[in-house]
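> quick check, what structure comes out for this input:
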Amino acid sequence: MVATLRNAWQIPDLRKRILITVSLLVAFRAGVAVPVPGIVPEVIQQLFSGGTLFAFMDLFSGGALSSYSVFAMSIYPYINASIIMQLMQMVIPKWEEMSKDEDGRKKLQGYTRYGTVILGAIQATGMTLAIRARGALVTDSPWLVVEAVLSLVAGTAFLMWLGEVITEKGIGNGISLFIFAGIVTGMPRELAQIWALLRSGQAKWYNGLLLLLVSVATVFLVIWITEGERRIPVQYSKRVVGRKMMGGYATNIPLRINQAGVIPVIFASSLLSFPATIASFAADKPWAAKLGEFFDYTQPWYTAMYAILIFGFTFFYTGMVFNPLEVADNMRKYGGFVPGMRPGKPTADLLSRIVTRITAVGALFLAIIAVLPNFMIQITGLPGFHALGGTALIIVIGVALETMKQIEAQLVMRNYQGFLR
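Prediction:
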């Protein structure tokens, strides 16, 4: 890993991409320290003190939610808008066709941006009205509410733009890297809290040891799920192209256990956080209290919904990134075939069956790992399981591995001789 980064730094274009990524991540962390105008910090801190739901959500925003900064909503409105757009492509044939060409994808991306602003405005309005009712604004002026809402929406829009710049001109996926940065910067705070509980005797030492063992086991399991793959052998027959003989070699199709990466976990947590945020801020309302109780992550219903959403989104996103019919058709065009299978539909059916089976395994393990901290917190009473296990580790490890793969791919493309040595 160190050698890979050293090689990347020696290539001017890659060095520029890395600097852009790091600079924009620093800008993200700086924005976390910029509060929304007109808030009362003491009241905001009281609202967040003792709230396990807030602690869970605040971990993914890197502390922006607990300080009610301009990045308090993080990038979640954009993620929710992306989910809606991808679902709409399944029910609107025209949009599905648009997603297959460059101009169409640009239009759909524009729709996603508009959706982000709309969803962000709805969420920001609900959050600001709710904290105003709890006395967290310096005045009850409607203009102050408007100013706070605009600040939150502008913060999310700015993060969306920064994420797109990182994805296009930097290294890695910008949206995923923001969540990664939020979790990583929050880990020291969670570790300090756990250490304080252990030193004071409020938590037993064997619970801390259990936390360490489960975290280490989770790391190995997440890496296995992320890197594990089933390789399908492919043979290419010889054919004449012009005056040259082409083909006649063997290769394989690597089908990963988790084709969807960290997207299902991010989608599921984002989707469940939207109603929970509004309900938690307006807990004095009867309807909000019931909604908040239903979406409390310590409740069995929440755990079940979270696991089901991760399982479903894993299949949904895998279907978007891997099309067996398209892969089989491309193989047939270039003279490729799976030994013992006829090209075309039989090969597509084989790939579909294999992908379904291994995706089921990956989705099941992702769901179990993600909800494991909920059970461990009930057993040990240590809140740090959310920072050092489950969803947090899935995202941190998954994003880190994907980013490193992109760096290695850039090295192979630009400086493959030095890299392969």
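
> going by C-alpha atoms from here, please, whenever you check contacts or count neighbours.
Will do.

> count of neighbours near Val222?
By other C-alpha atoms under 10 Å, the residues close to Val222 number 23.

> next: the one 3 residues further on.
Counted with other C-alpha under 10 Å, the burial measure for Ile225 works out to 21 neighbours.

> so where does it fall, helix or strand?
Ile225 belongs to helix 205-227 when elements are defined using DSSP states H and E.

> list the buried residues for whatever helix or strand Gln378 lives in?
For Gln378, the element it lies in under DSSP H and E is helix 345-380. Buried residues in helix 345-380, counting neighbours by 16 or more other C-alpha atoms under 10 Å, are found at 347-348, 350-352, 355-356, 358-360, 362-374, 376-377, 380.

> give me the angle between that helix and helix 205-227.
For helix 345-380 against helix 205-227, the angle by axes from the mean of the first three to the mean of the last three C-alpha atoms, to 10 degrees is 170 degrees.

> other SSEs contacting the helix holding Ile225?
helix 174-200, helix 345-380, helix 385-388, helix 391-420 (3 or more C-alpha pairs under 8 Å, 6 or more residues apart in numbering; DSSP states H and E).

> mean confidence score for it?
For helix 205-227, mean pLDDT is 84.

> where in the protein is pLDDT low?
Applying pLDDT under 70 to the chain flags the ranges 1-4, 48-56, 238-248, 274, 276-285, 287-289, 291-293, 295-298, 383-389, 414-421.

> any idea how far the residue most central in space within it lies from Ser273?
Nearest to the geometric centre of the chain sits Ile266, at 3.6 Å (C-alpha atoms, centre = their mean). Using C-alpha to C-alpha, to the nearest Å, Ile266 is found at 10 Å from Ser273.

> before we move on, what about Pro346?
Taking C-alpha to C-alpha as the measure, Pro346 and Ser273 are separated by 42 Å.

> with Met127 instead?
Using C-alpha to C-alpha, one gets 12 Å for the distance from Met127 to Ser273.

> using JSON lines, lay out the helices and strands packed on helix 205-227 together with distance to Leu210.
Below are the helices and strands packed on helix 205-227 laid out as JSON lines (distance: least, C-alpha to C-alpha, whole Å):
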{"stretch": "helix 174-200", "distance to Leu210": "12"}
{"stretch": "helix 345-380", "distance to Leu210": "8"}
{"stretch": "helix 385-388", "distance to Leu210": "10"}
{"stretch": "helix 391-420", "distance to Leu210": "16"}
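
> mind checking which of these is nearest Ile18?
For Ile18, the closest of the helices and strands packed on helix 205-227 is helix 391-420, at 9.1 Å, according to C-alpha to C-alpha.

> got the angle for that closest one vs helix 174-200?
Using the same axes, to 10 degrees: helix 391-420 against helix 174-200 is 120 degrees.

> who does helix 391-420 touch, helix- and strand-wise?
In terms of contacts (3+ C-alpha pairs under 8 Å, 6+ apart), helix 391-420 is packed against helix 2-9, helix 174-200, helix 205-227, helix 263-281, helix 345-380.

> tell me which residues in it are buried?
Buried, per 16+ other C-alpha under 10 Å, within helix 391-420: 391-399, 401-404, 407-408, 410-411, 415.

> what does stretch 15-27 give?
For stretch 15-27, the neighbour count (16+ other C-alpha under 10 Å) marks 15-18, 20-21, 24-25 as buried.

> okay, the residues you listed in a markdown table with secondary structure and distance to Gln299 next?
Below are the buried residues of stretch 15-27 laid out as a markdown table (DSSP: H, G, I helix; E, B strand; the rest coil; distance: C-alpha to C-alpha, whole Å):
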| residue | secondary structure | distance to Gln299 |
| --- | --- | --- |
| Arg15 | helix | 46 |
| Lys16 | helix | 46 |
| Arg17 | helix | 43 |
| Ile18 | helix | 42 |
| Ile20 | helix | 41 |
| Thr21 | helix | 38 |
| Leu24 | helix | 37 |
| Leu25 | helix | 34 |
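
> out of those residues, which comes closest to Ala157?
Using C-alpha to C-alpha, Leu24 is the member of these that lies nearest Ala157, at 14.2 Å.

> for Gln45, which of the helices and strands packed on helix 391-420 is the nearest?
helix 263-281 (12.4 Å).

> immediately after the host helix or strand of Arg332, which helix or strand?
Secondary structure from DSSP H and E places Arg332 in helix 324-333. Downstream of helix 324-333, the first helix or strand assigned by DSSP H and E is strand 336-337.

> which strands border that next one, and is each parallel or antiparallel?
strand 229-236 (antiparallel) (DSSP bridges).

> gap between the strand it pairs with and the chain center?
Chain-centre distance of strand 229-236: 29 Å, with C-alpha atoms, centre = their mean, to the nearest Å.

> do the same with stretch 92-100
Put simply, stretch 92-100 sits 24 Å off its chain's centre (C-alpha atoms, centre = their mean).

> give the buried residues for it.
Buried residues in stretch 92-100, counted by 16+ other C-alpha under 10 Å: 95-96, 98-99.

> please apply the same query to stretch 126-135.
Of the residues in stretch 126-135, 126-132, 134 count as buried by neighbour count, 16+ other C-alpha under 10 Å.

> out of those residues, who's nearest Thr185?
Closest approach between the buried residues of stretch 126-135 and Thr185, by C-alpha to C-alpha: Met127, at 24.2 Å.

> so that closest one, which of the three states?
With DSSP: H, G, I helix; E, B strand; the rest coil as the basis, Met127 sits in helix.
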